[in-house]
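# The following block contains a protein sequence and its predicted model.
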Protein chains: 2
Amino acid sequence: MTGTLWGIGVGPGDPDLLTVKAVKVLAGVAALAYPLNADGGSQARTIAAPHLPAGLPETGLPFSFTPDADSAPAYRAAAARLTEALADGDVAVLCEGDPLLYGTFGNLLPYLDATVPVRVVPGIAAATAAAATVARPLASGDGALAVLPATLGGAALAARLAHGDAAVILKPGRHTPAARRALAHAGRLADALAVARATRAGEWWAPLTDLPEDATLPYFSLILVPEAAP
Amino acid sequence: MTGTLWGIGVGPGDPDLLTVKAVKVLAGVAALAYPLNADGGSQARTIAAPHLPAGLPETGLPFSFTPDADSAPAYRAAAARLTEALADGDVAVLCEGDPLLYGTFGNLLPYLDATVPVRVVPGIAAATAAAATVARPLASGDGALAVLPATLGGAALAARLAHGDAAVILKPGRHTPAARRALAHAGRLADALAVARATRAGEWWAPLTDLPEDATLPYFSLILVPEAAP
């Protein structure tokens, strides 16, 4: 084994939001890997495409994005394949957003042998990209920020929103109505902004209350709850 | 007025952690601005230095980093100077980390006239850079993440840590012992990692419990509390 396994954050969607470091590392690796969607595509590869050297061997990894007992064999197999590929040099695993912030690379780490050299290039997170789209502070000064997957469930969301801090609700999708109820319960619905496809084609945003009560948000979207005005 | 006011995230310290977009925007602006430290230097300018075109007019802004009533005149004056500079073209305001995540650019926004065209290039946040340094997931799956300035104070920190979520405690500095007591109170001290100067010269990290109880952490540091093992 000679290579390093790199987790490379490719950011939220705009290929120009890769870092200079990510582009440099990609120019020197011997192979690429990336998680595959259910439909066999890879968002991370699409985002990084303009920066990928031609002719590298590529491996699509059939990951489940939410790790559970059922997904362990897929992660174990991926860890074995990636470790094997390191015999030929460095391998880059492309990750949407940041590799360690709700990223599949973070899920993969426990399945790697401790002797595998791992390095991570951080990426632009969806939450900061969404704040840039609306040009509103995500958090400032002494204020806390709660980052909340919508899949936490209504009661757990409401408990965390009750502090009155700034918040980001990730992956609302079909959980949007439940997130909306949790926001109303915490008295924060009027502040909430729906931001869809930040930095991608078809980007839009709107106050959540401008959408129908039963609206669900598309895949690349999140809900920003800027800090309450002082 | 003809130019756009750009908030440019320059990331946590490594100049290669600017995005490709930040480098492209910097190549086209007519002037630069950046907040000044108390000692008259600018971390953001130092980080961006390798990517700055030569010969641009530069303005150091004497910002207070924690906005309060006393800092309003400085922000108001900065907003006026920046708006005036837009007559000559685009102006880039360099910001450590991300401009809207505890950034001075976020504090400046309310002082700008609504007619000023503002755009933001998101940057790599210190928290994801620190996670990359320790190669540990910051958050994953359905788990929440609490981003907590140490200046919140012990009781407010403990209340948010009580949920048992992953957490990042920002700017611990002289508040490190209080943060440590809040972590102990929430039963999370054993999980806490001190990470200093991530991606900068002199980077180091250690379990917080390996440091003396009264230790304070240096300026560019934070405390990571990875999610509790399932």
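Received the coordinates, thanks. Residues are numbered from 1 along each chain as shown, chains lettered A, B, ... in the order given.
# partner residues bridging A:Pro149?
With beta bridges defined as DSSP bridges, A:Pro149 has these partners: A:Leu170.
# mind listing what it touches?
The contact partners of A:Pro149, by Cβ atoms under 8 Å, 6 or more residues apart in numbering or on different chains, come to A:Tyr102, A:Ile169, A:Leu170, A:Lys171, B:Gly141, B:Asp142, B:Gly143, B:Ala144. Quick note: C-beta positions are derived from backbone N, CA and C, even for glycine.
# One more pass at 6 Å, please.
Contacts for A:Pro149 were tallied using Cβ atoms under 6 Å, 6 or more residues apart in numbering or on different chains; they are A:Leu170, A:Lys171, B:Asp142.
# cool, and A:Thr4?
Neighbour list for A:Thr4: A:Asp90, A:Pro117, A:Arg119 [criterion: Cβ under 6 Å, 6+ apart].
# Please enumerate the helices of chain A.
Chain-ordered helices for chain A, with DSSP state H as the definition, fall at A:20-28, A:43-48, A:72-85, A:104-108, A:126-134, A:154-161, A:176-185.
# want to try JSON lines for those, with distance to chain B and mean pLDDT as columns?
Converted to JSON lines, the helices of chain A look like this (distance: least, Cβ to the nearest Cβ, whole Å; pLDDT from 0 to 100):
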{"stretch": "helix A:20-28", "distance to chain B": "4", "mean pLDDT": "98"}
{"stretch": "helix A:43-48", "distance to chain B": "11", "mean pLDDT": "96"}
{"stretch": "helix A:72-85", "distance to chain B": "12", "mean pLDDT": "92"}
{"stretch": "helix A:104-108", "distance to chain B": "3", "mean pLDDT": "92"}
{"stretch": "helix A:126-134", "distance to chain B": "4", "mean pLDDT": "97"}
{"stretch": "helix A:154-161", "distance to chain B": "6", "mean pLDDT": "96"}
{"stretch": "helix A:176-185", "distance to chain B": "12", "mean pLDDT": "96"}
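# got those as CSV, with distance to B:Ala79 and mean neighbour count columns?
Putting these into CSV (distance: least, Cβ to Cβ, whole Å; neighbours: other Cβ atoms under 10 Å in any protein chain shown) gives the following:
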stretch, distance to B:Ala79, mean neighbour count
helix A:20-28, 30, 18
helix A:43-48, 35, 22
helix A:72-85, 50, 16
helix A:104-108, 40, 25
helix A:126-134, 19, 27
helix A:154-161, 32, 19
helix A:176-185, 32, 21
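# Tabulate these in JSON lines, adding columns for distance to B:Arg188.
Below are these laid out as JSON lines (distance: least, Cβ to Cβ, whole Å):
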{"stretch": "helix A:20-28", "distance to B:Arg188": "31"}
{"stretch": "helix A:43-48", "distance to B:Arg188": "32"}
{"stretch": "helix A:72-85", "distance to B:Arg188": "26"}
{"stretch": "helix A:104-108", "distance to B:Arg188": "19"}
{"stretch": "helix A:126-134", "distance to B:Arg188": "23"}
{"stretch": "helix A:154-161", "distance to B:Arg188": "16"}
{"stretch": "helix A:176-185", "distance to B:Arg188": "24"}
